[in-house]
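Q: fold the stuff below for me.
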Amino acid sequence: MQYAPEGQSDGTAAATLQPGFLASLFSDLGVGEEAGAAAGDGGAGVPAEPSPEAAGVEAAEDEVAARGRAAVLSHQRTAAVRAEHEHLADLLRRAALPVSAMDFESQLRSYRPRPFPAAGGTEEPGPDGPEPRWEDFAPPVPEPQEGAEGAGRPLLDSGYQRELAQARLRHQRALREWRAGRAAAADDSASAERRAHEALEEARARAVQEYNDSLEECRRAYRLAEPAAVESLLERALAAAEGATLDLAAPCRAVFRPLTRTAVLDLDLPPLALVPSLDGYRLTTEDTVEPVPRPLADRANDYLRLVARLALRALQAADAVDTDEILTGVVLNGWLRDTPSGAPLCLLSVDADRDALARTRLLPAVADGDGWAGEGPEPGEGTDGAGHDGAADDGAYGGLYADAEQDEALVRLRELSAAVSPDPYGLVGVEPGAEAGMTVPTAEDLSAHEFAHLVRELLTRGGLAEWSVRLRGPAGLVATAVGEEGSALPGRWVVWASRPRGGAEVAAAELRTLVEAVREEGAERGLRLTTGRFAESALDLAAELPQIHLVDGDGVRELTESQLGMLLGAGG
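A: Below is the predicted model:
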């Protein structure tokens, strides 16, 4: 180490700090005051006052440093927002993956016997002791006699040859005994292993057979439309469909109604907070970081796209598992459980019959590859990842997701006449197609397709065939049917069935409308069916119209019990 000459400084503490970035750095480290005290006024301990130019430079550098820190913070927060968008895009892609069929055939197990493993590369079991060696049995070679020519002359001795032959016999006998002992020991060990292997194979075959037998029992119960068997199969299929999005909690429960052979599915929708509420962050002119909120309409579109895919996936799982065509239709209600009031809100409802499900390709197409599955560029593509000055521009993700009106999944749902909330973030709900918890439903509890199926089933068993629905809605339907001659309902009929709400009665004007419909359709008779009651004026008019027949709510319940052997609750 070198030292400065006596009376002189080493140039470290006494060096005058120049204004600028290094001066501010030393000031932050607490060095500036000491340096100034040593250098100012010849070491008198009075700090030197900075010049106005130095103070201005230091203030400008502080401003640049603060802006740099704000830009870094903006970039980091925008990267976190981008990760949220990419996660949502990945969920949209995985929610649209096709589900595996979970019908009975796919769940059957097969037994394939495993061969007994041959012992390879290991020593065979056997008695102790090495293999008999010839050296241990060979007689000693006699010494050559005097006058013998050549080294082979002792082998011509007759006595030696007899001893050699006897030794070979003893060696062969010992070798045979040793090998026989080894073979016996090997047989005993192999037999034990084989018996253990065969016992294990028998247990495997028995377990597979017992499982297949139990599955066949479930299948017989399913074909008999027993609710427990149908619901068990549906829920297994729905649980398997969730395998692609295990990180997204969206359980779906199933209830089967034997009266209409309809499955009512209750799907729990993800929380609204799953969809990012920001486009990113940006740096303001005041060097502060402020969030860039997304338009509420964009968030609603993204949320509806996701729940539409979840609903289509559940519908496909239920449709794919019903290979025996037990179901006549499926009602799916999407419930938002996480609401400010705590009461569940229905944001989506689908009421589809089996024919409509068969006609509709339920899941939308998915782009190949990993990650992005939506339209437009991937998140952050074509940008610096942070937008202007380390922040996201307004609408940076505007091309990320398709407009809800053009989204394929939502288009498919609308083809199924689904009711979808127009504003999920405004907590605008829709009317559920049917309530899943009704064991003995009333007519009001049935969905539109369920009510139409019930009316058709009752009248078909009464003799009406060639059923053709003209109009159908939540309140009822209008259809034509033909009954064979000699049946209870011969001729061509116009059927008008309804389920009035709030105790409304069928008035006489509706019977006059039915008479006109019978005339227009060229029918012979008209049937006015209601789950409620007829007004007195309607009853009086029906007495004057022999071609018009009436069935009220009591009659519908009696027909349900007599024709179908099931109960329909009072109401409606």
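Q: what distance do you get for Ala508 to Leu541?
A: In this structure, Ala508 lies at 5 Å from Leu541, with CB to CB, to the nearest Å as the measure. Backbone N, C-alpha and C define where each C-beta goes, glycine included.
Q: which one's more surrounded, these two?
A: Using other CB atoms under 10 Å, the more surrounded residue of Ala508 and Leu541 is Leu541, with 19 against 16.
Q: secondary structure of that one: a helix, I assume?
A: Yes: Leu541 sits within a helix when classified using DSSP: H, G, I helix; E, B strand; the rest coil.
Q: pull the contacting residues for it.
A: 508, 511-512 (CB atoms under 8 Å, 6 or more residues apart in numbering).
Q: then Pro291?
A: Residues counted as contacts of Pro291 (CB under 8 Å, 6+ apart) are 77, 278, 280-281.
Q: what about 6 Å?
A: If a contact means CB atoms under 6 Å, 6 or more residues apart in numbering, then Pro291 has 278, 281 as its contacts.
Q: any idea what it is bridged to?
A: Here Pro291 shows beta-bridge partners Tyr281, assigned using DSSP bridges.
Q: and what about the most centrally placed residue in the chain, helix, strand or coil?
A: Per CA atoms, centre = their mean, the C-alpha nearest to the average position across the chain is that of Glu242, at 2.2 Å. Using three-state DSSP as the criterion, the local structure at Glu242 reads helix.
Q: please report how far the nearest residue to Gly476 once chain neighbours are set aside lies from Leu539.
A: Sequence neighbours aside, Ser498 is the residue nearest to Gly476 in space, at 3.4 Å (criterion: CB to CB, 6 or more residues apart in numbering). Counting by CB to CB, the gap from Ser498 to Leu539 is 16 Å.
Q: looking at the two, which one has more neighbours?
A: When Ser498 is set against Leu539 and neighbours are counted by other CB under 10 Å, the residue ahead is Ser498, at 22 against 15.
Q: tell me what the more buried one is bridged to.
A: Checking Ser498 by DSSP bridges, which sets the bridge assignment, gives partners Gly476, Thr530.
Q: about what we covered before: could you dump the contacts of Leu541 into a markdown table and include pLDDT, secondary structure and distance to Ser106?
A: Formatted as a markdown table, the entries for these read as follows, by pLDDT from 0 to 100; DSSP: H, G, I helix; E, B strand; the rest coil; distance: CB to CB, whole Å:
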| residue | pLDDT | secondary structure | distance to Ser106 |
| --- | --- | --- | --- |
| Ala508 | 93 | helix | 57 |
| Leu511 | 93 | helix | 53 |
| Arg512 | 93 | helix | 56 |
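Q: closest one to Gly555 out of those residues, please.
A: Nearest to Gly555 among these: Leu511, at 16.0 Å, using CB to CB.
Q: so Tyr303 versus Arg179, what's the distance?
A: Tyr303 is 80 Å from Arg179, where distance means CB to CB.
Q: these two: which is more packed in?
A: Neighbours were tallied for Tyr303 and for Arg179 using other CB under 10 Å; the higher tally belongs to Tyr303 (24 against 13).
Q: now that one. Nearest residue, chain neighbours left out?
A: Val275 (4.8 Å).
Q: tell me the phi and psi of the one you found?
A: Val275 has phi and psi values of phi -80, psi 130 when expressed as degrees, to the nearest 10.
Q: ok, it - how many residues close by?
A: 24.
Q: right, and it touches Arg299 too?
A: Yes: with contact defined as CB atoms under 6 Å, Val275 reaches Arg299; the gap is 4.9 Å.
Q: which other helices and strands contact the lengthiest helix in the chain?
A: Under DSSP state H, the helix in the chain containing the largest number of residues is helix 158-223. Helices and strands touching helix 158-223, by 3 or more CB pairs under 6 Å, 6 or more residues apart in numbering; DSSP states H and E, are helix 227-241.
Q: the helix it packs on: what's the following helix or strand?
A: Helices and strands here follow DSSP states H and E; after helix 227-241, the next one along the chain is strand 252-257.
Q: could you pull out the buried residues of that following strand?
A: With burial defined by 16 or more other CB atoms under 10 Å, the residues of strand 252-257 counted as buried are 252, 254-257.
Q: now name the helix or strand holding Gly334.
A: Under the assignment given by DSSP H and E, the secondary-structure element containing Gly334 is strand 329-336.
Q: part of a strand, is Ser487?
A: No: secondary structure of Ser487 (three-state DSSP): coil, not part of a strand.
Q: pLDDT of the longest helix of the chain, averaged?
A: In this model, helix 158-223 has an average pLDDT of 83.
Q: next, the angle strand 252-257 makes with that helix.
A: Going by axes from the mean of the first three to the mean of the last three CA atoms, to 10 degrees, helix 158-223 is angled at 60 degrees with respect to strand 252-257.
Q: orientation of helix 158-223 relative to helix 227-241 in degrees?
A: Helix 158-223 runs at 120 degrees relative to helix 227-241, counting by the same axes, to 10 degrees.
Q: now do Arg162 against His171, distance only.
A: When CB to CB is applied, the distance between Arg162 and His171 equals 15 Å.
Q: among the two, which residue is more densely surrounded?
A: His171 (17 against 11).
Q: tell me who's in contact with that one.
A: With contacts defined as CB under 6 Å, 6+ apart, His171 is in contact with 134, 137.
Q: switch to 10 Å and redo it
A: The contact partners of His171, by CB atoms under 10 Å, 6 or more residues apart in numbering, come to 132-138.
Q: can you check Gly334 too?
A: Counting by CB under 10 Å, 6+ apart, Gly334 touches 250, 252, 265-269, 307-308, 310-311, 314, 345-350, 418-421, 424, 430, 432.
Q: all helices of the protein, in order?
A: Along the chain, the segments classed as helices by DSSP H run 21-28, 32-39, 52-95, 104-107, 158-223, 227-241, 296-321, 354-359, 408-415, 448-461, 508-521, 536-544, 553-559.
Q: hey, which of those helices is tucked in deepest?
A: Most buried of the helices of the chain by mean neighbour count (mean count of other CB atoms under 10 Å) is helix 296-321; its value is a mean of 24.
Q: distance between that helix and the chain's centre?
A: How far helix 296-321 lies from its chain's middle: 11 Å, per CA atoms, centre = their mean, to the nearest Å.
Q: quick revisit: wait, the residue nearest to the centre of the chain touches Pro251, no?
A: Yes: with contact defined as CB atoms under 10 Å, Glu242 counts as touching Pro251 (7.4 Å).
Q: count the neighbours of the closest residue to Glu466 other than its chain neighbours for me.
A: The spatially closest residue to Glu466, leaving aside those adjacent along the chain, is Val482, at 4.4 Å (CB to CB, 6+ apart). For Val482, the count of nearby residues is 18 (other CB under 10 Å).
Q: what's across from Val482 in the sheet?
A: The partner list for Val482 in beta bridges (DSSP bridges) reads Ala465, Arg492.
Q: what sits against it?
A: Going by CB under 10 Å, 6+ apart, the list of residues near Val482 reads 463-468, 489-493, 523-524.
Q: among those residues, who's most crowded?
A: With neighbours set by other CB under 10 Å, the maximum within these is found at Leu464, which has 25 neighbours.
Q: and the nearest residue to that one once chain neighbours are set aside, how many neighbours?
A: In space, and not counting its chain neighbours, Leu464 is closest to Ala481: 3.8 Å by CB to CB, 6+ apart. A count of nearby residues for Ala481, using other CB under 10 Å, gives 23.
Q: was I right about Ala481 contacting Ala465?
A: Yes: checked against CB under 10 Å, the pair Ala481 and Ala465 is within contact range at 6.6 Å.
Q: so what sits against both of the two?
A: Overlap between the contact sets of Ala481 and Ala465, as judged by CB under 10 Å, 6+ apart, is given by 459, 489.
Q: the strand holding Gly334 vs helix 408-415, what angle?
A: Going by the same axes, to 10 degrees, strand 329-336 makes 130 degrees with helix 408-415.
Q: any idea how far strand 329-336 is from the chain center?
A: Averaging C-alpha coordinates over strand 329-336 and over its chain gives two centres that are 16 Å apart (CA atoms, centre = their mean).
Q: any weak-confidence spans in the stretch 251-400 of the chain?
A: For the stretch 251-400 of the chain, the stretches with pLDDT under 70 are 364-400.
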